[in-house]
Every structure is written in C-alpha cells, then in structure tokens.
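S.K.: quick one: sequence and predicted model below, then my questions.
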Amino acid sequence: MRIAVTGSIATDHLMRFPGRFQDSLVVDQLDKLSLSFLVDDLEIHRGGCAANIAFAMGVLGLRPILVGAVGEDFADYRSWLERHDVDCDSVHVSPVRHTARYICTTDDTNAQIATFYAGAMTEARDIELRPVADRVGGLDLVLISPNDPEAMRRHSTECRDRGVPFASDFSQQVAFSDGEAIRTYIDGAVYLFANEYEAALTEQKTGWSADDVLARVATRVTTLGADGVRIERRGEKPILVAGAPERRKANPTGVGDGFRGGFLSGIAWGLSLERSAQVGCMVATYVLENVGPQEFTLVHDDFLRRLADAYGVAAAEDVRPHLTGA
C-alpha cells in the first residue's frame, strides 16, 4: 500500500519547566499577559507532524512517501529519515528559507506552551501531488497532516478532484482555520483524525453536528489521551480502544503522530480498525516514554510482548506476520 504523508517537517526545541504554568496565571490580568519561565533543560530533536508519522511507519517496516517543504539545512535530517525507510524524494527544498522550527515548553503537569515558525513550510503550497503519484506508480492513500493552510487546502482539493483516497489530520491547525477551511479539509475524507478538543472545535467552527461530520467522512478517529481512542462510522457502534500502559512519562510531544503512524501501518497491513488502533496506541506509548518524537527504538519481540500484555495474545499474533521489517 503506497501512502503519502504530507505535512510539516521541523526541528523540535523542547524545554522542561519545573513547576506549573497555571500557578503564574492571573485570570483577571490575562489581557496584560507578560511571562517568562526559567527552564532547566533544552533538547533539540527532529520533528514535524508528517516526518514524525512517516518515521513511525518506517520503523514498523513500511516505506511511506514524505511530502513537504524544507530548507537547505535538511541534509542530515534527510539522511536520518532515509535510514529509517522513509522515501524523501518528494520533499521540496527551499533555497531561501530554513526548515520549520517548533519551540515547546512543558511543565510538570505535561501542560505545554509552544510556538511554531513555519519557514520553508510555506512553500508546501507549491507542491502538486500528481508528480508524486506518477513517480511511485500511484497512491493508495494521502494523509494530509498539519501544514501550510494553503497546502492543506490544495492537497485536499486535488485528492477529491483526482479520486485519490485521503485522510484528514489538521490537528493544531484547527485553532487557526475558519469553518470554511475546515469543511474543505474534511469533506470526503476516508479517515478524520483529531483529539477530543479538536473534534469539539471542529463541530463548533463548521456548525456541523457529530452526525453531520460522520455523513461526510468514512471513519472518524478521536484520540482520548491516556484513555485511548474512539473510532466511529455512520450506522455502526463506536469502537473504543484503551491506551497502552507506559513504563514512564517523559514528554508528550509527538504522541499523536506516533498513534497515527501506528494506526496507518495497521491499515496498510490489512488489519481491522480495532487492531490498527491498538498498534497506534502502542507506538504512541513508545513516543511518550522518550523525549523527542523520533527517539524511540522499536524492538520486534518487546513490541509484540507489550502489545500482548495490553490487548491480549490474539492482538500480538495478528500483528506478528507484518512486523518482520521492524
């Protein structure tokens, strides 16, 4: 199954604040907000939603096609992704802008304050998907993850016009998008990914009810944090999958991307929605246990053992034949 993953490719600058952001907020003074937090560490990691998702899929043994825009400073990052079986030949390199930067501070409650510099990502709107499809012999699915808004609109429209199945994952961009843009991202998607807050905001901004959304997408996948994920299809009973137990909580950055990479790998393997979600939750847990969304190492036997512990032996046995490339 040929899956193109479009979206952001960035460098993550991750900091940890030893305290709680909420203790520094004065509710009736928020219009005069001026805060600075003294952090006790800084780690720089590879990131970006599309790159994180593609990395997870590559680690699981697939070869996703990464589609996005970067700067000329991408050379080392490209080498890293290619070593993990990510096809980077459709990544656009800007001659004038740096690769995007994600700067995030996390407090002791895992609350986060982040800033994103788009940089070269703004040139993703110039990428057409047809040449990508021609290069690889056609596309079975295109994931449209957070990116330059015009790029997301263009890719959604192109998929609809060309009859290419696409999954919508606008995630963080829902806060910056109006109802018309969100409706464009959603309409006709075979999968719609969001967390609970983003799902509620989607309905608020579009004016669509949950049923209205399900009438326009084939499958709605809503992540529930530590509680796992809910999968809905029109006329069917929702599928609820619990989160996989973690060994430690290191940093939540990229956990949702890890889930998407695992879920889409399960879909590519031909597994059921429930099994695919279980694989996604397990990968998300690996991400949570490390600082940096691409810092986890997936060991074949350990992954299957943990999957069996979380979801039963049958789940591990269903996944085992497909994990040979991990």
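M.R.: That came through fine.

S.K.: what lies in contact with stretch 131-142?
M.R.: Applying C-beta atoms under 8 Å, 6 or more residues apart in numbering, the external contacts of stretch 131-142 come out as 1-4, 6, 65, 67, 87, 89-90, 129, 155, 159, 162, 164-167, 190, 264, 267. For every residue, glycine as well, the C-beta is placed using N, CA and C.

S.K.: just the buried members of those?
M.R.: Buried members of these, scored by 16 or more other C-beta atoms under 10 Å, are 2-4, 6, 65, 67, 87, 90, 129, 155, 159, 164, 166-167, 264, 267.

S.K.: mind checking which of the residues you listed land in strands?
M.R.: Secondary structure from DSSP state E places Ile3, Ala4, Thr6, Ile65, Val67, Phe166, Ala167 of the buried ones among the contacts of stretch 131-142 in strands.

S.K.: as a markdown table, these with pLDDT and distance to Glu150 would be great.
M.R.: Listed next are those as a markdown table, based on pLDDT from 0 to 100; distance: C-beta to C-beta, whole Å:
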| residue | pLDDT | distance to Glu150 |
| --- | --- | --- |
| Ile3 | 98 | 23 |
| Ala4 | 98 | 18 |
| Thr6 | 98 | 12 |
| Ile65 | 98 | 21 |
| Val67 | 98 | 15 |
| Phe166 | 98 | 16 |
| Ala167 | 98 | 19 |
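
S.K.: ok, so of the residues you listed, who is nearest Leu304?
M.R.: Proximity to Leu304 was ranked across these by C-beta to C-beta; first place goes to Ile3, at 22.7 Å.

S.K.: wait, isn't that closest one in contact with Gly266?
M.R.: No. With contact defined as C-beta atoms under 8 Å, Ile3 does not reach Gly266; the gap is 11.9 Å.

S.K.: low pLDDT regions in this protein?
M.R.: Applying pLDDT under 70 to the predicted model, the residue ranges of the chain that meet it are 325-326.

S.K.: try it again with 80
M.R.: Low-confidence segments of the chain, defined by pLDDT under 80, span residues 172, 175, 324-326.

S.K.: now do the helices in it.
M.R.: Taking DSSP state H as the criterion, the chain carries its helices at 49-59, 75-83, 129-136, 149-162, 179-186, 196-206, 210-214, 255-269, 273-288, 300-311, 313-319.

S.K.: out of these, deepest packed?
M.R.: helix 49-59 (a mean of 30; mean count of other C-beta atoms under 10 Å).

S.K.: tell me what it is packed against?
M.R.: With contacts taken as 3 or more C-beta pairs under 8 Å, 6 or more residues apart in numbering; DSSP states H and E, helix 49-59 sits against strand 3-6, strand 65-67, helix 75-83, helix 255-269.

S.K.: what residues does the third one touch?
M.R.: Put plainly, it is helix 75-83. For helix 75-83, contacts defined as C-beta under 8 Å, 6+ apart pick out 9, 11, 46, 51, 54-55, 58, 66, 70, 88, 91, 99, 294.

S.K.: geometric centre of this protein: which residue is closest?
M.R.: By C-alpha atoms, centre = their mean, the chain has its centre lying nearest to Asp257, at 2.9 Å.

S.K.: with adjacent residues omitted, what lies nearest to that one?
M.R.: Closest residue in space to Asp257, ignoring its immediate chain neighbours: Asn52 at 3.6 Å, by C-beta to C-beta, 6 or more residues apart in numbering.

S.K.: residues in contact with the one you found?
M.R.: Gly254, Asp257, Gly258, Gly261, Pro293, Gln294.

S.K.: that older thread, and which of the ones in strands among the buried ones among the contacts of stretch 131-142 is nearest Leu240?
M.R.: Distance ranking of these against Leu240, using C-beta to C-beta, places Ala167 first at 20.3 Å.

S.K.: show me what that closest one is bridged to.
M.R.: Listed by DSSP bridges, the beta-bridge partners for Ala167 are Leu143, Tyr191.

S.K.: and it, how far from Ala308?
M.R.: 28 Å (C-beta to C-beta, to the nearest Å).

S.K.: same deal with Arg97?
M.R.: Counting by C-beta to C-beta, the separation of Arg97 from Ala308 is 46 Å.

S.K.: for the helices and strands packed on helix 49-59, give me CSV that also has distance to Ala215.
M.R.: Below are those laid out as CSV (distance: least, C-beta to C-beta, whole Å):
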stretch, distance to Ala215
strand 3-6, 25
strand 65-67, 29
helix 75-83, 37
helix 255-269, 22
